[in-house]
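Asker: fold the following.
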Amino acid sequence: MAEQRKAPRSNSKAKIQPVNDYGRIQPQAPELEEAVLGALMIEKDAYSLVSEILRPESFYEHRHQLIYSAITDLAVNQKPVDILTVKEQLAKRGDLEEVGGPFYITQLSSKVASSAHIEYHARIIAQKALARELITFTSNVQSKAFDETLDVDDLMQEAEGRLFEISQQNMKKDYTQINPVIAEAYQLIQIAAARTDGLSGLESGFTKLDKMTSGWQRSDLIIIAARPAMGKTAFVLSMAKNIAVNYRNPVAVFSLEMSNVQLVNRLISNACEIPSEKIKSGQLADYEWQQLDYKLRDLLDAPLYVDDTPSLSVFELRTKARRLVREHGVRIIIIDYLQLMNASGMSFGSRQEEVSTISRSLKGLAKELNIPIIALSQLNRGVESREGEEGKRPQLSDLRESGAIEQDADMVCFIHRPEYYKIYTSQDGTDLRGMAEIIIAKHRNGAVGDVRLRFIGQYTRFQNPEDDMVIPHPAEGGGATFGSKMNAVSDGSVPPPTEFAPQTDNPFGGVGSDGPLPF
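Answerer: The predicted structure follows:
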């Protein structure tokens, strides 16, 4: 009796004893592996059910990996899969004895009667394989974290890259019947029809561009490319200001080239219509201080989020983008620019392969978050070597470092300023001074063509040609606004310039005011 009473206490102690991590058996399901392999050899169509779920590495036992590889070879070459063909294929590969000979192959097929549950069994095997990959991954990170000679930031980049690879390998989306997709598409058509402007996407603020694109569409990757000094950053900042300030849609800008302060200085010059060199030097006239204080309030509290992390990796971007969409409802992301990004933590044979991975990841992120992503890109020097007006116009082949950018993008736009190449008049006689052409060279879901915008270099701003153009007044005390044809009176004439309204209700308290700035 005493021995019987002691036994339960002994068992209870055994239950609460900690288990050494290195003493655990890795996740595996050998019986299911045998069942799946057996079913593959008795049902001719069974392979199609598991081919997208399993890889040879998904099997825990090495001999099962060899058998599945042989079955895959047969299926890919459209040969029948059965006991005899699998034996023959293994013999050709020199693996027949290693897997246990003909007897083991025959034994596998005798363990199942049909492939009724093969897909369910395959998913369990795949989950076990994923668990093993994660165990290997975390063990590797843990051992490297104890190594004080390694840089922690480099380790984090490597860990992000490896985790991204694992997630990509196991990211599967099942098919869906067309009816719910039709319902969703019809609902979007109704929403677009209810809008008076006819746009189905996010407005950029550039009227003709929006008309051609119907707005920036959800899940699209848009590449905006140009040679240096064409105004890539000025274009996207003008657009970001329009979207965030005029339409109050949240925007995120990732600037790998400029700091947050430099970026905001450009925005201030853009919005307040003060030359950028004066913003840098601070040498503003009194009327410019008034103008700054008056117009700066448009930028305050705008849903515009900037990030100037240098050498941003595509994995960091994914993490930050998800948080911005979740917490701030960001509706569009702008990246300046693609070639400055990296995919550290992953190994590549060339820079072209890395850029291909980055562009493919950006497209995947746009689909995942269901928002447009705009990425700026550099062009190669081929543009400069070509002669003539048409020769200076960018082409898709000019995209730098990777053809995958052109392939992955839903839309590719080029910025071309003929004036930069001393071309002042177009073939149709249009004055091109101060004008920029937005060339839509690829549009997966729409038309291609050109849109002309006005470029005001001193304000680093793009605007609609028909919009009012504000020019600094030569005398201190105000600016002059020249009306466009949109403001023409009934007889067709344009109203005379109007003086800049003096600041009377200054919320900031800048020069000429009594209160301090609120920041």
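Asker: use CA for all of it now, contacts and neighbours both
Answerer: OK.
Asker: which helix runs longest in this protein?
Answerer: Ranked by residue count under DSSP state H, the longest helix found in the chain is helix 118-145.
Asker: where does the residue nearest the centre of the chain fall, phi/psi-wise?
Answerer: By CA atoms, centre = their mean, the chain has its centre lying nearest to Leu362, at 2.6 Å. Backbone dihedrals for Leu362, given as degrees, to the nearest 10, come out at phi -60, psi -40.
Asker: returning to that earlier point: quick one: buried residues of the longest helix of the chain?
Answerer: Of the residues in helix 118-145, those with enough neighbours to count as buried (16 or more other CA atoms under 10 Å) are 118-119, 121-122, 124-130, 132-133.
Asker: OK, contacts around the residue nearest to the centre of the chain?
Answerer: Leu362 sits next to Leu221, Val314, Ile373 when contact means CA atoms under 8 Å, 6 or more residues apart in numbering.
Asker: ok so, going back, so what secondary structure elements neighbour the longest helix of the chain?
Answerer: Contact partners of helix 118-145 among helices and strands, from 3 or more CA pairs under 8 Å, 6 or more residues apart in numbering; DSSP states H and E: helix 30-42, helix 46-50, helix 152-169.
Asker: switch the cut-off to 7 Å
Answerer: Using 3 or more CA pairs under 7 Å, 6 or more residues apart in numbering; DSSP states H and E as the contact definition, the elements that helix 118-145 packs against are helix 30-42, helix 46-50.
Asker: the first one vs helix 118-145, what angle?
Answerer: For the pair helix 30-42 and helix 118-145, the angle between their directions (axes from the mean of the first three to the mean of the last three CA atoms, to 10 degrees) equals 130 degrees.
Asker: could you say what helices and strands helix 30-42 packs with?
Answerer: For helix 30-42, the contact count by 3+ CA pairs under 7 Å, 6+ apart identifies helix 101-109, helix 118-145 as packing neighbours.
Asker: chain center to it, what's the gap?
Answerer: When distances are taken as CA atoms, centre = their mean, to the nearest Å, helix 30-42 is centred 40 Å away from the chain's centroid.
Asker: how about the CA coordinates for it, as CSV?
Answerer: In CSV, the C-alpha atoms belonging to helix 30-42 read as follows (Å, rounded to 0.1, in the frame of the first residue of the first chain):
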residue,chain,number,x,y,z
PRO,A,30,6.0,9.9,-40.6
GLU,A,31,2.8,7.9,-40.8
LEU,A,32,1.1,10.6,-42.8
GLU,A,33,4.1,10.9,-45.0
GLU,A,34,3.8,7.2,-45.8
ALA,A,35,0.1,7.5,-46.4
VAL,A,36,0.6,10.4,-48.8
LEU,A,37,3.4,8.7,-50.8
GLY,A,38,1.3,5.5,-51.0
ALA,A,39,-1.7,7.4,-52.2
LEU,A,40,0.4,9.1,-54.9
MET,A,41,1.3,5.7,-56.3
ILE,A,42,-2.2,4.3,-56.5
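Asker: show me which positions of that helix end up buried.
Answerer: By 16+ other CA under 10 Å, the buried positions in helix 30-42 come out as Leu32, Glu33, Glu34, Ala35, Val36, Leu37, Gly38, Ala39, Leu40, Met41, Ile42.
Asker: cool, the last one as well?
Answerer: By neighbour count with 16+ other CA under 10 Å, helix 46-50 contains the buried residues Ala46, Tyr47, Val50.
Asker: in CSV: the residues you listed, plus pLDDT.
Answerer: CSV is the format used below for the buried residues of helix 46-50 (pLDDT from 0 to 100):
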residue, pLDDT
Ala46, 83
Tyr47, 85
Val50, 85
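Asker: so which residues of the stretch 301-450 of the chain form helices?
Answerer: With DSSP state H, counting those that start in this stretch as the criterion, the stretch 301-450 of the chain has helices at 314-328, 351-369, 382-385, 388-391, 404-408.
Asker: separation between Arg381 and Tyr120?
Answerer: With distances taken as CA to CA, to the nearest Å, Arg381 is found 54 Å from Tyr120.
Asker: for Glu257, same thing?
Answerer: Computed with CA to CA, the distance linking Glu257 and Tyr120 is 49 Å.
Asker: just the residues contacting the one helix or strand Ile71 maps to, thanks.
Answerer: Ile71 is located in helix 62-76, with elements delineated by DSSP states H and E. Under the criterion CA atoms under 7 Å, 6 or more residues apart in numbering, residues Pro56, Glu57, Phe59, Pro80, Val81, Val86, Gln89, Leu90, Glu98, Val99 lie in contact with helix 62-76.
Asker: mind showing which ranges of the stretch 51-200 of the chain have poor pLDDT?
Answerer: Per-residue confidence for the stretch 51-200 of the chain (pLDDT under 70) gives these ranges: 113, 168-176, 196-198.
Asker: hmm, try it at 80
Answerer: Low-confidence regions of the stretch 51-200 of the chain, defined by pLDDT under 80, span residues 111-116, 153-154, 157-158, 160-182, 184-185, 188-200.
Asker: the residue lying closest to Arg318 once chain neighbours are set aside: neighbouring residues, count only.
Answerer: Taking CA to CA, 6 or more residues apart in numbering, and ignoring the residues beside it in sequence, Arg318 has Leu365 as its nearest neighbour in space, at 6.9 Å. Residues contacting Leu365 under the criterion other CA atoms under 10 Å number 22.
Asker: could you measure Leu365 against Ser219, distance?
Answerer: Counting by CA to CA, the gap from Leu365 to Ser219 is 8 Å.
Asker: can you check Thr85 too?
Answerer: Going from Thr85 to Ser219 by CA to CA gives 46 Å.
Asker: if you count what's nearby, which of the two comes out ahead?
Answerer: Neighbour comparison, Thr85 and Ser219: the larger count goes to Ser219, with 20 against 16 (by other CA under 10 Å).
Asker: give me phi/psi at that one?
Answerer: According to degrees, to the nearest 10, Ser219 has phi 70, psi 10.
Asker: and the spatially closest residue to Ile268 that is not a sequence neighbour, what pLDDT?
Answerer: For Ile268, ignoring the flanking residues on the chain, the nearest one in space by CA to CA, 6+ apart is Leu296 at 6.9 Å. Leu296 carries a pLDDT value of 81.
Asker: surely Val253 forms part of a strand?
Answerer: Yes: applying DSSP: H, G, I helix; E, B strand; the rest coil, one finds Val253 inside a strand.
Asker: Glu52: which element?
Answerer: Here Glu52 is assigned to no helix or strand, by DSSP H and E.
Asker: mind listing what Ala271 touches?
Answerer: By CA under 7 Å, 6+ apart, the neighbours of Ala271 are Lys295.
Asker: so which bits of the helix or strand hosting it are buried?
Answerer: Assignment of secondary structure by DSSP H and E places Ala271 within helix 260-272. By neighbour count, and taking 16+ other CA under 10 Å as the criterion, the buried residues in helix 260-272 are Asn260, Leu263, Asn265, Arg266, Leu267, Ile268, Ser269, Asn270, Ala271, Cys272.
Asker: could you do stretch 356-371 as well?
Answerer: The neighbour-count criterion (16+ other CA under 10 Å) identifies 356-367, 369-371 as the buried residues of stretch 356-371.
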